[in-house]
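When you get a sec, could you give me coordinates for this:
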Amino acid sequence: MGRVSLELVPRQRDRFIEELKIIRSNFPSVDTINIPDIARYEIDSLEAAHFAKKILKFAIPHLRAVSVDKRKRLPFKDIIIGNDIGEVLLVLGDTSGLEDKGFLPCDIIEFIKKFRKELPKVKVYAALDQYRGSVAKECDYVRRKIDAGAQGFFTQPFFDFELAQAYSKKLKGVDVFWGVAPVLTDKSKHYWQEHNKVTFPPDFSLSLEWNKEFAKKMLSFTNSTDYSHIYFMPIKADFVQYLTEII
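As a prediction, the model looks like this:
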């Protein structure tokens, strides 16, 4: 059995802690929270991970390469050590608005190398974007990240089971959290198509029932595949309603 994670955005401190307690009470198989780092909200991913580790077994904060100056010491090194954070997900982050000529942000390969050098005891996950290009091209990028020091990966959410199988064949022996997200409205579907270049399978449906059945299928797949885990990314969906009957 692999690990089960829920991607939870910490929009507001008290609400985030309440949601963690709901997860613990209702979905005991969820042992991990992975936490995006979004600047406009009250708490960042590292502070949120500190709270999450008091309630659930594992917390994986996302950290953005574009927020780190390649010439300087990692700004959050002491926080990670002080809060005993053992895993992180390193992502590139939004590159817009980086006009400060005195700041030299890392690219993702530089960030992985820098992080592994300064915090070698912390497990590093990186991102796998199956919609960025071909399977072969993305898997080559995965290998570059592994060579830089990445020890596991979080995919973008899958909606096509055959695509997940194609990646699984190429990633034997690689530690992967396979993503699943409910898409329940035309607006949401259009977003995934326009911004993430997702091609939905012919049988796709916006119904909650279809999304739940697909999530169950992906959960069974990860439980039967070596080095595989699953994470659910409900986004705007009610995670209690979504996860009920799945886990």
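
which residues are contacting the host helix or strand of residue 112?
Assessed by DSSP states H and E, residue 112 sits inside helix 108-118. Residues outside helix 108-118 that contact it (C-beta atoms under 8 Å, 6 or more residues apart in numbering) are 63, 65, 68, 70, 73-74, 77, 88, 90-92, 106, 122, 124, 126-127, 144-145, 148-150. In short, each C-beta sits where N, CA and C put it, glycine included.

So what are the sheet partners of the helix or strand following it and their directions?
Per DSSP H and E, the first helix or strand lying C-terminal to helix 108-118 is strand 123-128. Strand pairing for strand 123-128, determined by DSSP bridges: strand 87-91 (parallel), strand 152-158 (parallel).

Identify each buried residue in whatever helix or strand comes next after strand 123-128, please.
Scanning forward in sequence from strand 123-128 by DSSP H and E, the next helix or strand is helix 135-148. If you call a residue buried by 16 or more other C-beta atoms under 10 Å, then helix 135-148 has these buried ones: 138, 139, 141, 142, 145, 148.

ok, the residue nearest to the spatial centre of the chain to residue 119 distance?
Nearest to the mean C-alpha position of the chain, by C-alpha atoms, centre = their mean, lies residue 154 at 4.9 Å. Distance, residue 154 to residue 119, by C-beta to C-beta, to the nearest Å: 18 Å.

Just give me the neighbour total for residue 187.
Residue 187 has 9 neighbouring residues, counting by other C-beta atoms under 10 Å.

follow-up on the earlier one: of all the buried residues of helix 135-148, which comes closest to residue 51?
Closest to residue 51 out of the buried residues of helix 135-148 is residue 145 (28.8 Å), distances taken as C-beta to C-beta.

just checking, residue 7 touches residue 38?
No: using C-beta atoms under 8 Å, residue 7 is not in contact with residue 38, being 11.6 Å away.

Looking at those two, which is more packed in?
More neighbours surround residue 7 than the other of residue 7 and residue 38, with 23 against 15 (other C-beta under 10 Å).

Need the CA coordinates for stretch 15-29. CSV is fine.
Output of stretch 15-29 as CSV, limited to C-alpha atoms (Å, rounded to 0.1, in the frame of the first residue of the first chain):
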residue,chain,number,x,y,z
ARG,A,15,-9.6,27.2,8.9
PHE,A,16,-6.6,25.2,7.8
ILE,A,17,-6.2,23.6,11.2
GLU,A,18,-9.9,22.8,11.3
GLU,A,19,-9.6,21.1,7.9
LEU,A,20,-6.7,19.0,9.1
LYS,A,21,-8.8,17.8,12.0
ILE,A,22,-11.7,16.9,9.7
ILE,A,23,-9.2,14.9,7.6
ARG,A,24,-7.9,13.1,10.6
SER,A,25,-11.4,12.2,11.9
ASN,A,26,-13.0,11.2,8.6
PHE,A,27,-10.2,9.9,6.4
PRO,A,28,-7.6,8.0,8.5
SER,A,29,-5.9,6.6,5.4
